[in-house]
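Undergrad: sequence below, structure please.
(2 chains)
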Amino acid sequence: MSIFVDAETRVICQGITGIQATFYVERAIASGTKMVGGVRPGKGGRQHLDLPVFDTVQQAKDATGADTTVVFVPKAVAAAAIIEAIEAGMALIVCITEHIPVLDMVDVLQALEKSDSKLIGPNSPGIITPGACRIGIMPIEIFQPGSVGIVTRSSTLTYEAVLQTSVAGLGQSTCIGIGGDTVRGMGFIDCLERFKDDPDTKAVLLIGEIGGSEEESTAEYLGQTGYPKPVVAYIAGQSAMPERRMGHASAIIEGGTGAAAGKIEALQNAGVRVVQLPLEIGSTVASLIHG
Amino acid sequence: MNLHEYQGKGILSSYGISVPRGEVASTPDQAEKTASQIGGTHWMVKAQVLAGGRARGHLAGNEGMAGIRRASSLADIRSVSMEFLGNNLITSQTGAQGERIEKVYIEQALEIERELAVAMLVDPGTKRITLIYTHLGGSDIESVAAQQPDLVRKLDIDKAIGPSAEKVEKAASELALDPGLSARFGEIVNHLFRFFVERDATLVEINPLAVRGSDLLALDAKVSLDENALFRQPENRQLELDNKIADGRLRASWDGFNYFRLGGNIGCLTVGAGLAMATLDTIHAYGGKPANFLDLPPDSQMSRTRDAIEVILGNPEARVLLINVFGGGIMRCDTIADAMLLVKRSTPHLPPIVVRLAGTNAELAIRRLKEAMPEVVVASNMGDAAKFAVERTSGEPATEVNRQPGGWPGRISRWFQRACR
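TA: You can find the predicted model right below:
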């Protein structure tokens, strides 16, 4: 078992003919992911990496039965690509593209609210269920099928965490990079909600960062639901002093959230084991699982 | 990307928001001339730095001199400008060294009736464009918001439709504006929204927004623009160029990486912001002090990586170079090794170097380094790397000493507040 993606997930790639997309779609296929097609306006009807290419997401979905799309489209048109996927009714949209303008993402979120689609990203390294489905740019070599569910705001730190859970012999059920952008699709809570009911996930690892209020609201959720599985967290930026701000409005709207100390305290109060150094992630998760 | 007050006011005024008459000056002569052109008998002289809290801040070496001063004669204008220009202004938002004042803004001083405040930004909670407003403008606004949150109101805006007339009317009545001012307030909210969307802003904050007769005036303006939207905003790009900052950030951001000096002596190269933060945390835990924060994007090629190393080594305080890279995605460790070899060729005296390489092509990279740069210390994990680096700055064995947060100056988390930066 796993969450969001498994061996049956049928995936298309938007922007499939680009250099990066080509590189990673090739690797996704080699890892056994059911890649079923691609989208590139103007190149419909061709083949790329032995996959059919379509002009629109709707055509690709109708022809291949795809339920999931990975977006590798340049930032200037990435939001439009996500909205196209939402309108075509894709169940899961994973956006790898980074540096999308904030106001474009405001449009995307308004479209998302009216739909049943789920969005991971933007600026996501992807989602992997080891041995079943690999979407995005994470290095597959460090993964192994197992019992830790991982959700992270930081791409590069994800690899550190994954490696440690592999070395500890635990492996991963599903690993999701939700991306570090402020205006994004799914958050920690959406993933925790799914991990809760996933029989293969024995513990959940959250990798957070200073800034924003995701960790604080997650702590509230965990406290309120009496979350049934052990949760471990690391918050990057613990040694940072409060940030320099421009003006007062951002501080007001965040209502005092954002600093590492507050996030850690909130998570600890909700029963989360917060590790202080990234080196301690693997051993801490192992000790909680093995009791 | 933050704008100076004079730049923000220039843009807001072009969108129909009233501001006092004013001009920017970079020399005392210019300041005096500007004041006489503006006319009147009273002016404000305002230090142009990219930080708030100026009225309560002070000049470096002069505790009694705030960053905003009232002047009543041209001679005053000249003497205040002389004190400001080239000096550093220290405020609650600048850090201990302050920000260098390159320009002053000379503005007519006006009598006003009362001070409101408004701001527009994307609320990370609702993910919508949001107007914040309060009838208690002024520099205490953050503590007002913390102590009496109901005095600071929020109004969310549907980006496709714009501000709802009904909600704006309600806001105006909460601000106790009379019918004439209420209509003007509605116009201002619409102007702000149009500016926000047309120019890809991430923040516009007018505090105070002053009531004066039948008009509302922006007495200050804090504007941030979206760096990710520069590709479609040529005017914003020009403003970015105008705001060259002396501490090496310009070159760094041109080359496509984020770089700040942090005042310590361990130069750090990492790929990805999260790993950069974690590396700094680990150095701190071993009692060391990082010289910089540098987040090299994973798609960096050899030449950009070399540039990044050179920027780090260009800081004379960096006595050790610590490289911590987890190859993956598009980044391969051999790119890092090759960049190091390039730097070695062009730099006669390198400081001690500690590397930790993991992930894609790490073994190849380490083999290459061991052959060509045997002096490089190779660590097998992040903890060892930090420990070795600290030992090379202190000359003594390092142990984990420091588990308390609060090691190095701020400015970092700004990069993690992507939408608010």
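
Undergrad: pretty sure residue B:186 contacts residue B:165?
TA: Yes: when contacts are counted by CB atoms under 8 Å, residue B:186 is listed as touching residue B:165 (7.0 Å). The way it works is simple: take the backbone N, C-alpha and C, and place the C-beta from them, glycine included.

Undergrad: okay, the two: which has more neighbours?
TA: residue B:186 (17 against 11; other CB atoms under 10 Å in any protein chain shown).

Undergrad: can I assume the more buried one sits in a helix?
TA: Yes: counting by DSSP: H, G, I helix; E, B strand; the rest coil, residue B:186 is part of a helix.

Undergrad: next, count neighbours for residue A:189.
TA: Other residues close to residue A:189 by other CB under 10 Å number 15.

Undergrad: which secondary structure element is home to it?
TA: Using DSSP states H and E, residue A:189 maps to helix A:188-196.

Undergrad: and that helix, is it in reach of chain B?
TA: No: using CB under 8 Å from any CB of the partner chain, helix A:188-196 never reaches chain B; the gap is at least 12.6 Å.

Undergrad: by how many degrees do the following helix or strand past that helix and helix A:188-196 diverge?
TA: Going down the chain from helix A:188-196, the next helix or strand is strand A:203-209, by DSSP H and E. If you take axes from the mean of the first three to the mean of the last three CA atoms, to 10 degrees, strand A:203-209 sits at 170 degrees to helix A:188-196.

Undergrad: all helices of the chain, in order?
TA: In the absence of a named chain, this looks at chain A. Using DSSP state H, the helices of chain A run over A:19-30, A:57-64, A:75-87, A:102-113, A:155-167, A:188-196, A:214-225, A:249-254, A:260-269, A:281-290.

Undergrad: um, chain B though
TA: B:5-14, B:28-38, B:74-84, B:141-147, B:165-174, B:179-198, B:234-242, B:249-254, B:273-285, B:302-313, B:333-346, B:362-372, B:382-394.

Undergrad: report how many residues lie close to whichever residue of the stretch 1-150 of chain B sits closest to chain A.
TA: Per CB to the nearest CB, residue B:119 is where the stretch 1-150 of chain B lies closest to chain A, at 3.6 Å. By the criterion of other CB under 10 Å, residue B:119 has 26 neighbours.

Undergrad: cool, and residue A:198?
TA: So residue A:198, with other CB under 10 Å, has 18 neighbours.

Undergrad: does it really touch residue A:4, like I thought?
TA: No: judged on CB under 8 Å, residue A:198 makes no contact with residue A:4 at a distance of 9.8 Å.

Undergrad: what residues do these two have in common as contacts?
TA: residue A:174 (CB atoms under 8 Å, 6 or more residues apart in numbering or on different chains).

Undergrad: kindly report the domain assignment for chain B.
TA: With domains defined by automatic domain parsing, chain B comprises B:21-108, B:114-237, B:249-420.

Undergrad: where does chain A have its least confident helix or strand?
TA: When each helix and strand of chain A is scored by mean pLDDT, DSSP states H and E, helix A:249-254 comes last, with a mean of 62.

Undergrad: comparing the helices of chain A by mean pLDDT, which bottoms out?
TA: The stretch with the lowest mean pLDDT among those is helix A:249-254, at a mean of 62.

Undergrad: need the nearest residue in space to residue B:306, chain neighbours excluded.
TA: residue B:339 (4.3 Å; CB to CB, 6 or more residues apart in numbering or on different chains).

Undergrad: ok, the one you found - how many residues close by?
TA: If we define neighbours as other CB under 10 Å, then residue B:339 has 24 of them.

Undergrad: contacting residues for it?
TA: Residue B:339 touches B:302, B:303, B:305, B:306, B:308, B:309, counting by CB under 8 Å, 6+ apart.

Undergrad: just the residues you listed now: which is nearest residue B:205?
TA: Among the contacts of residue B:339, residue B:308 lies closest to residue B:205 (CB to CB), at 33.2 Å.
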